[in-house]
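J.: sequence first, predicted model second:
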Amino acid sequence: MKILIACECSGKVRNTFSALGHDAHSCDLLPSETPGNHQQGNVEFFLNAGWDLMISHPPCTYLSGSGWHWTVRGLRDKKLTDDAIRFAELLWDAPINKICIENPVGMLSTMSRLGKPSQIIQPYEFGDDASKKTCLWLKGLPPLVKDPAKRFPGRWVEWPKGSGKMAERWSNQTDSGQNKLGPSDKRWMQRARTYTGIAEAMAAQWGSNFQKPFSLE
């Protein structure tokens, strides 16, 4: 299949599909961090290139629920979120039969035409030692199948402290459940990366109907 991975500079999802023989390309305003087919620029200019499948990761800075309080408090222009929503809707309306839009829990569910996500997944459900609640909006694609045998068990901690209640946490979390990444210019990029298990599940399940063309060579 001819596959577009929109808004990806890591190459993680692109390379996973490429490894299975697909003609996979990533596209982002930033250059690719790893070798592979990459279009640097505005993805809007590449949406009509005859793709069979698009997996898109629209920037979540102004879409995440965790950051919405800045807007509610009047500390951030609501237009930033409105523009981010319009961009996600543009990707959703692309002339591509199979589309996945990935984003954290946030404003796409309540303020966009996408509505509620088709599926919510966690990295630990696909074998990674991490927690990151991730929403998938799917068009022409089935939900990802979760294999219970691949679930990565977290560590159990008493939280709140002294409550006698136990909570499951993973390596990217503090005992309170917050992400361990400290403030930095690269924090958004580090948090946006797709985890390996999820990328492999996407490629294995959504690319499973692909067959390499017959050749006598």
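T.: Alright, I've got the coordinates. Numbering: from 1, shown residues only.

J.: does Leu91 belong to a helix, a strand or coil?
T.: helix (DSSP: H, G, I helix; E, B strand; the rest coil).

J.: OK, contacts around the closest residue to it other than its chain neighbours?
T.: Closest residue to Leu91 apart from its sequence neighbours, by C-beta to C-beta, 6 or more residues apart in numbering: Ser56 at 4.7 Å. No exception for glycine: its C-beta is placed from N, CA and C like everyone else's. For Ser56, the contact set (C-beta atoms under 8 Å, 6 or more residues apart in numbering) comprises Leu4, Ile5, Ala6, Cys7, Val43, Ala88, Leu91, Ile99, Cys100, Ile101, Glu102.

J.: ok, Asp147 next?
T.: Phe126.

J.: ok, Glu168 next?
T.: Counting by C-beta under 8 Å, 6+ apart, Glu168 has contacts Pro153, Gly154, Arg155, Trp156.

J.: can you verify it is assigned to a strand?
T.: Yes - assignment of Glu168 by three-state DSSP places it within a strand.

J.: before we move on, back to that, partner residues bridging the residue nearest to Leu91?
T.: Note on Ser56: beta-bridge partners Ala6, Ile101, judged by DSSP bridges.

J.: now a ChimeraX select for only the buried ones of the contacts of Glu168.
T.: For the buried members of these, the matching ChimeraX selection, counting by 16 or more other C-beta atoms under 10 Å, is:
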select :154
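
J.: the nearest residue to Ile55 once chain neighbours are set aside and Thr110, how far apart?
T.: Nearest non-adjacent residue to Ile55, counting by C-beta to C-beta, 6+ apart: Cys100, 4.6 Å away. Relative to Thr110, Cys100 is positioned 20 Å away (C-beta to C-beta, to the nearest Å).

J.: do Gln119 as well
T.: Where Thr110 is concerned, Gln119 sits at a distance of 17 Å (C-beta to C-beta).

J.: downstream of the lowest-mean-pLDDT helix or strand in the chain, the next helix or strand is which one?
T.: When the helices and strands of the chain are scored by mean pLDDT, DSSP states H and E, helix 187-192 comes last with a mean of 56. For helix 187-192, the following helix or strand on the C-terminal side (DSSP states H and E) is helix 196-206.

J.: alpha carbons of that next one, in CSV - could you do that?
T.: Extracted C-alpha coordinates of helix 196-206, given in CSV (Å, rounded to 0.1, in the frame of the first residue of the first chain):
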residue,chain,number,x,y,z
THR,A,196,6.9,0.8,19.4
GLY,A,197,4.2,-1.7,20.3
ILE,A,198,1.4,0.6,18.9
ALA,A,199,3.4,1.2,15.7
GLU,A,200,3.9,-2.5,15.2
ALA,A,201,0.3,-3.2,15.8
MET,A,202,-0.8,-0.6,13.3
ALA,A,203,1.5,-2.1,10.6
ALA,A,204,0.7,-5.7,11.3
GLN,A,205,-3.1,-5.3,11.5
TRP,A,206,-3.8,-2.4,9.1
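
J.: name the helices or strands packed onto it?
T.: helix 12-18, strand 98-104 (3 or more C-beta pairs under 8 Å, 6 or more residues apart in numbering; DSSP states H and E).

J.: can you list the buried residues in that helix?
T.: Quick answer for helix 196-206 (16+ other C-beta under 10 Å): Thr196, Gly197, Ile198, Ala199, Glu200, Ala201, Met202, Ala203, Trp206.
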